[in-house]
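Participant: what's the 3D shape of this:
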Amino acid sequence: MVELYFAPGACSFVPHVALEIVRAETGEAFEATLVKIHKGEQKTPEYLAMNPDGLVPVLVVEGKPLTQIVAICDYLDRRHPKLGLLPADPWARAIAMSQLAWMNNTVHPTFTRVFMTGQFAESDDAKAEVRKIAAANYRKHLERVAQWAGSADPFWFGARPSFHDAYALTLLRWGGLAGIDPDSLPAYKALTERVAASPAVAAVMARERIELNTFRKA
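Facilitator: Here you go, the predicted structure:
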């Protein structure tokens, strides 16, 4: 039995989409367990026993927990190599893993500085400065993703959405919360619209109760 612990709109969306694709293509079921971050469920002793960092996602396979999104994606691809969640060619796969790792260890932490400035500064002025700098850097990161998105046909690796498509969608959603209008990144926005319309992704978005566009004009 495979179980995914997720929080709506978090990076756990990436393996959540992958598991839904697996179910659609192979019939292999999984259980999606909501972690209510706002209620501190990620800090309970039971959850910390699975992930001492108190973060999502956690993938539990036959009772054994696996953390860290890149490791989870690598595992799911190796478990289902015929689904094309990552390229089969060794060099292409390495490049794809490099992109995925960069999204996770560079773009994602930059957004954390936008959204959780209290972890990086104390005074209101300092928090405002952290947020301003992080938002500008986040915009630059999204522009790089937009360059990759421009060659997606129709998705990152071809006919079926992948980890990268799901992460790209997640990052652009977060961009709206950082004040970045998705209309300013048209190729990127077009990719996320195609991704969101695909059946597996639409099912996950409905389960997580999230919308594609989080940007609100002032």
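Participant: What residues of the top helix by length along the chain count as buried?
Facilitator: In the chain, taking DSSP state H as the definition, the longest helix is helix 124-149. When burial is assessed from 16 or more other C-beta atoms under 10 Å, helix 124-149 yields the following buried residues: 127, 130-131, 134-135, 137-139, 141-142, 145-146, 148-149. In this view, the C-beta of every residue, glycine as well, is placed from N, C-alpha and C.
Participant: before we move on, what about stretch 169-189?
Facilitator: Buried, per 16+ other C-beta under 10 Å, within stretch 169-189: 169-176, 178, 180, 182, 185, 188-189.
Participant: any chance of the residues you listed in a markdown table, with pLDDT and secondary structure too?
Facilitator: As requested, the buried residues of stretch 169-189 are exported to a markdown table (pLDDT from 0 to 100; DSSP: H, G, I helix; E, B strand; the rest coil):
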| residue | pLDDT | secondary structure |
| --- | --- | --- |
| L169 | 98 | helix |
| T170 | 98 | helix |
| L171 | 98 | helix |
| L172 | 98 | helix |
| R173 | 98 | helix |
| W174 | 98 | helix |
| G175 | 98 | helix |
| G176 | 97 | helix |
| A178 | 95 | coil |
| I180 | 97 | coil |
| P182 | 98 | helix |
| L185 | 98 | coil |
| Y188 | 98 | helix |
| K189 | 98 | helix |
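Participant: With respect to E20, which of those is nearest?
Facilitator: L169 (13.3 Å; C-beta to C-beta).
Participant: For the closest one, which non-adjacent residue is spatially closest?
Facilitator: Once flanking residues are discounted, L169 sits nearest to T192: 4.5 Å by C-beta to C-beta, 6 or more residues apart in numbering.
Participant: what about that neighbour, how many neighbours?
Facilitator: 23 (other C-beta atoms under 10 Å).
Participant: Identify the residues contacting it.
Facilitator: Neighbouring residues of T192 by C-beta atoms under 8 Å, 6 or more residues apart in numbering: 149, 168-169, 172-173, 182, 212.
Participant: Just the element for it, please.
Facilitator: helix 186-197 (DSSP states H and E).
Participant: Report the distance from that helix to the chain centre.
Facilitator: 15 Å (C-alpha atoms, centre = their mean, to the nearest Å).
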